[in-house]
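Participant: My questions concern the predicted model and sequence given below.
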Amino acid sequence: GLAQIPPHYYKQWAPWAYFFGVVLLLATLLVGHTGKGAQRWLGVGVFKFQPSELLKIACPLLLASFLSTKELPLKLSQIIISLVLIMVPVLLIAKQPDLGTALLILASGLFVLFFAGIKWRMIFTAMFGALSVLPVIWFMLHDYQKKRIYTFIYPEQDPLGSGYHILQSKIAIGSGGTWGKGWLNGTQAHLQFLPEKTTDFIFAVLGEEFGLVGAIVLLILYTLI
């Protein structure tokens, strides 16, 4: 349905969606609902939502709208404006804190810049600059964020603690075998070994119930989309 909407409508809506999303992020920091150690949700009655989800679409959409009228190669001033537009929601979301979503929006914005056409010299300079400040960024991370990185690299170091979730997801995917255990027959998911099985670990649920074949089909569908 959305694919049938002419692109110029998205171009008109992009600034408003971005502005509305940033306002909601500011409201979240001021009056947002706190849950699981983070202030990421706004509540309207019994309904709660994360404004950061809107920026996943609005930020790259605004950048595409802004850069679509610019001549190539992009000027330094245009790149700086683009980076500012990216960093505003990234910093607000990182403040919640939600480092994962912040990095996702940062990546989506940088991909738009890349596809818009910038010189390879600037790309390599930016990559070198990013690598140079990694030690500084590391010391700015919260302890729980550092622990997540450690866990991602070596979950076996704490199998019953911080590494439990990722190890259980690997067990679920592996136990699915080639064809899977069948719809709603996944023991890892339905015996509560997998946390957040309807969101964060949904791929593990699919891998357990539909096996390698189901996982490959899903990845093919994503690739086609």
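Facilitator: Right, received. Where do you want to start?

Participant: What is the neighbour count of residue 200?
Facilitator: By the criterion of other Cβ atoms under 10 Å, residue 200 has 13 neighbours. C-beta: built from backbone N, CA, C; applies to glycine.

Participant: and residue 136, what does it touch?
Facilitator: With Cβ atoms under 8 Å, 6 or more residues apart in numbering as the criterion, no residue contacts residue 136.

Participant: Equivalent analysis for residue 155, please.
Facilitator: If you count contacts by Cβ under 8 Å, 6+ apart, then residue 155 has 162-163, 166-167 around it.

Participant: Which of the residues you listed fall in helices?
Facilitator: 166-167 (DSSP state H).

Participant: between the contacts of residue 155, which is nearest residue 132?
Facilitator: Of all the contacts of residue 155, residue 162 has the smallest distance to residue 132: 29.1 Å, by Cβ to Cβ.

Participant: Find the nearest non-adjacent residue to the closest one, please.
Facilitator: Leaving aside its chain neighbours, residue 162 sits nearest to residue 151 (4.6 Å; criterion: Cβ to Cβ, 6 or more residues apart in numbering).

Participant: Mind listing residues that contact the host helix or strand of that neighbour?
Facilitator: For residue 151, the host element (DSSP states H and E) is helix 143-153. Helix 143-153 is contacted by residues 37, 97, 99, 138, 141, 157-158, 162-163, 166 when judged by Cβ under 8 Å, 6+ apart.

Participant: ok, now with 10 Å
Facilitator: Helix 143-153 has contacts (Cβ atoms under 10 Å, 6 or more residues apart in numbering) with 37, 94, 97, 99-100, 138-139, 141-142, 157-158, 161-167.

Participant: Please spell out the ChimeraX selection for the buried subset of those residues.
Facilitator: Buried members of those can be picked out in ChimeraX with the line below, counting by 16 or more other Cβ atoms under 10 Å:
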select :94,97,99,162,163,165,166,167
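
Participant: Strands - which of the contacts of helix 143-153 land there?
Facilitator: Judged by DSSP state E, strands contain none of the contacts of helix 143-153.

Participant: Using TSV, lay out the contacts of residue 155 together with distance to residue 58 and pLDDT.
Facilitator: Compiled in TSV, the contacts of residue 155 are given as follows (distance: Cβ to Cβ, whole Å; pLDDT from 0 to 100):
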residue	distance to residue 58	pLDDT
162	33	76
163	35	81
166	31	85
167	36	86
